[in-house]
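In: Next comes the sequence, and after it the predicted model I'd like to discuss.
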Amino acid sequence: MSSTIDKFDSHVMHTYGRLPIVLDKGKGEYACDEDNKEYIDFGSGIGTNSLGYCNEKWADAVCAQVRSIQHTSNYFYTKVQAELAEKLCAVTGCKNMFFGNSGAEANECAIKIARKYSFDKYGQGRQTIVTLVNSFHGRTVTTLSATGQDVFHNYFFPFTPGFVHTPANDCAALEKLLDEDKTICAVMIEFIQGEGGINVLNKDFVDDIFRICGEKDILVIADEIQSGVGRTGTFLASERFGVKPDVTTLAKGIAGGLPMGVCLAGEKCADVLGKGMHGSTFGGNPVSCAGALAVLDTVTSAGFLDEVAQKGYYITTKLLEIPEVEGVDGIGLMMGIRLKTKKAPEVLAKAAENGLLILTAKDKLRLLPPLTISYEEIDKGIEILKNILEEQ
Ligand SMILES: *Cc1c(COP(=O)(O)O)cnc(C)c1O
C-alpha cells in the first residue's frame, strides 16, 4: 500500500469510495500516477478538466494571474471577473450573474433568487421548488433537499423544507402538481440527469415545463452544472431544447479544474438579489476567473462545439459496435453506457487497472472526457474498454 494512501486514509474522513491510485500529474487526456503509470482519462475529474490536464493556454493564464493578483475581497472589482462575466452573459444570453465556488453554491443562489422573486411579487407563502425524481443538485443541506433521491434524505434531519419532487418525463403528473399546489415558485431541472444515470429529458416534457411555468409566472431553473460549458456540443444543453430558463447554474467544467460555480439570471431575475442579500468570500476568485476565461475562449472558438458533437457521435457509434453494450444515452460528450450483463463498478476498476479512467452513474458507465480529447486517444480508450467488455 502506498504511503500516500496510508497517510490520507488516516487523516481524511472516509466520505468517498476511492480507487487505490495516487494521481500525480497529467497532460492533455493523460493522467499519471505515483509509479509513472499512465491512464487515458475519460472522466476528466467528473467533467471539470474540460481542456484536459494542464492545457498550455489555460496554465499560462492561471499562472500569470497568480503572479498578478490572486484574491481580493468582493468589496473591490477585478478585471478578470468583469471580463469573464461579460463573456458568460454574451455566450449564454443571460443578463447578469453571481460568482460562487461550487455547484451546490450556484444552486443555493438560484434557490434564493426563486424564493425572493416570488416574495417580492406575491408576498410570503409561495416558496416551494419542484425538482425531478432522480435529480442531483448538491451536498449542502438545502441542495440535498432539492435532490430528488431518497438515499440522500437521511441522517441530517431536519432538511430544508419547501421542495417537492415529480417524476421526469411525466407530463400529466407535472401538470397536476403545478395546477394544485399554489405555493410553487420554481421548477428546477437537469436537461440531462448526470449523477442520476445520464437520463435525457424528453423534448415534450421540457416544452410542457416551460409552457406551464410561463403561464403561471413560475421560474424555470436549469442546473447545467454537469451539462453546461460545451459538454453537449452547444454551450448550454438548453440550446439543444430550444428553451431559455430564467436562471442557469454552471460549475464543474467552467474553470477547467479550478473551483467555480456561477448562477446566471435572465432579464426577469437580474435584479432580485440586492446589496447584502448574498455573498461568498472566495466567489469570483481571480485565479479561477483566469482559468475560466481560457476555457471560454477555447470552447467558443470557431468549430470547437461542432467538434465536441462529432466526437460524441463517433464514440457512441464505436461503443454500439461492442456486443456487451445495450445502448448509449446522453448528448455530445456526456454519455451513459447501458451494459447487458457486466456490472459498471467492476468494469470501472478493471479499466483503471488497464490504464483507462471512467466513471459510473447508477447502473451505467459514464464518460465525460475532456472536450479537447483527440480521436487517437478516443480510439485507444475505447480499445481498452472493448477488451474488458469482451472478456468472458
Ligand atoms: C456535481 C453537481 C452538483 C454539485 O456540484 P458541487 O460542485 O459538487 O457542489 C450539482 N448539480 C449537478 C447537476 C451536478 O452534476
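Out: Received the coordinates, thanks.
In: contacts and neighbour counts: CA atoms only from here.
Out: Will do.
In: got the domain boundaries for this structure?
Out: 3-55+303-389, 69-299 (automatic domain parsing).
In: what's the most buried one of these?
Out: Among these, domain 69-299 has the highest mean neighbour count (mean count of other Cα atoms under 10 Å), at a mean of 20.
In: show me what contacts M97?
Out: 85, 89, 262-265, 270 (Cα atoms under 8 Å, 6 or more residues apart in numbering).
In: scratch that, T92 is what I was asking about
Out: Contact analysis of T92 by Cα under 8 Å, 6+ apart lists 235-236.
In: change the start of the numbering to 43 and stick with it
Out: Sure, I'll start numbering at 43, so the last one becomes T134.
In: what are the ranges of the helices in the stretch 143-292 of the chain?
Out: Taking DSSP state H, counting those that start in this stretch, the helices of the stretch 143-292 of the chain run over residues 145-164, 183-188, 213-222, 245-258, 279-283.
In: right, so of these, which gets closest to F324?
Out: helix 145-164 (11.4 Å; Cα to Cα).
In: thinking again about what came up before, which one of the domains of the chain lies closest to the ligand?
Out: For the domains of the chain, the distance to the ligand is smallest for domain 111-341, at 3.3 Å, taking Cα to the nearest ligand atom.
In: what's the first-to-last distance across the closest one?
Out: Taking Cα to Cα, to the nearest Å, the first and last residues of domain 111-341 lie 25 Å apart.
In: for stretch 169-184, same thing?
Out: By Cα to Cα, the extent of stretch 169-184 from end to end equals 13 Å.
In: returning to what we had before: export the domains of the chain to TSV and tack on distance to the ligand?
Out: Shown next, in TSV, are the domains of the chain (distance: least, Cα to the nearest ligand atom, whole Å):
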stretch	distance to the ligand
domain 45-97+345-431	8
domain 111-341	3
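In: Kindly present the ones you listed as a markdown table, with separate columns for mean pLDDT.
Out: Converted to a markdown table, those look like this (pLDDT from 0 to 100):
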| stretch | mean pLDDT |
| --- | --- |
| domain 45-97+345-431 | 98 |
| domain 111-341 | 98 |
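In: Kindly reformat these as TSV containing distance to V104.
Out: Output for the domains of the chain, formatted as TSV (distance: least, Cα to Cα, whole Å):
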stretch	distance to V104
domain 45-97+345-431	10
domain 111-341	5
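In: Could you check these and tell me which one is nearest A103?
Out: Nearest of those (Cα to Cα): domain 111-341, 5.8 Å.
In: so where does K67 fall, helix or strand?
Out: Assessed by DSSP states H and E, K67 sits inside strand 65-69.
In: Now do that strand: distance to the chain's middle.
Out: Relative to its chain's centre, strand 65-69 lies at 22 Å (Cα atoms, centre = their mean, to the nearest Å).
In: got the end-to-end distance for stretch 323-334?
Out: Distance across stretch 323-334, first residue to last, is 18 Å (Cα to Cα).
In: Stretch 135-153 too?
Out: 20 Å.
In: got a list of what the residue most central in space within the chain touches?
Out: Residue closest to the average C-alpha location in the chain (Cα atoms, centre = their mean): Q268, at 1.6 Å. Neighbouring residues of Q268 by Cα under 8 Å, 6+ apart: 89, 236, 292-295.
In: Identify, from those, the entry nearest to C151.
Out: For the contacts of Q268, the nearest to C151 is L292 (11.4 Å; Cα to Cα).
In: Show me what L381 bridges to in the sheet.
Out: Here L381 sits in beta bridges with V367, going by DSSP bridges.
In: Sorry, slip of the keys, the one I care about is K69.
Out: Beta bridges link K69 to Y72, judged by DSSP bridges.
In: Pretty sure it sits against N91.
Out: No. Using Cα atoms under 8 Å, K69 makes no contact with N91, being 10.8 Å away.
In: residue contacts, D212?
Out: D212 sits in contact with F247, where contact means Cα under 8 Å, 6+ apart.
In: try it again with 6 Å
Out: Residues counted as contacts of D212 (Cα atoms under 6 Å, 6 or more residues apart in numbering): none.
In: thinking again about what came up before, which of the contacts of M139 fall in helices?
Out: 127, 131 (DSSP state H).
In: F324: which of the contacts of M139 is nearest?
Out: For the contacts of M139, the closest approach to F324 (Cα to Cα) belongs to V304, at 12.2 Å.
In: hang on, that closest one packs against F141?
Out: Yes. At 4.8 Å, V304 and F141 qualify as touching, with contact defined as Cα atoms under 6 Å.
In: who touches both of those two?
Out: By Cα under 6 Å, 6+ apart, no residue touches both V304 and F141.
In: Show the residue spans covered by the strands in the stretch 43-192 of the chain.
Out: Using DSSP state E, counting those that start in this stretch, the strands of the stretch 43-192 of the chain run over 65-69, 72-75, 80-83, 138-142, 170-174.
In: Quick check: which of the ones you listed is nearest to I400?
Out: Taking the strands of the stretch 43-192 of the chain one by one with Cα to Cα, strand 80-83 is closest: 6.7 Å.
In: re the thing from before, so which of the contacts of M139 is the closest to G85?
Out: Closest approach between the contacts of M139 and G85, by Cα to Cα: V304, at 21.8 Å.
In: For L93, which residues are in contact?
Out: Contacts of L93 were listed using Cα under 6 Å, 6+ apart, and they are 412-414.
In: give me that answer again for 7 Å
Out: Going by Cα atoms under 7 Å, 6 or more residues apart in numbering, L93 touches 298, 337, 412-414.
In: Reformat those residues into CSV and put secondary structure next to each item.
Out: CSV is the format used below for these (DSSP: H, G, I helix; E, B strand; the rest coil):
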residue, secondary structure
G298, coil
V337, helix
P412, coil
L413, coil
T414, coil
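In: Export these to CSV and append columns for distance to F205.
Out: Shown next, in CSV, are those (distance: Cα to Cα, whole Å):
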residue, distance to F205
G298, 32
V337, 34
P412, 34
L413, 34
T414, 38
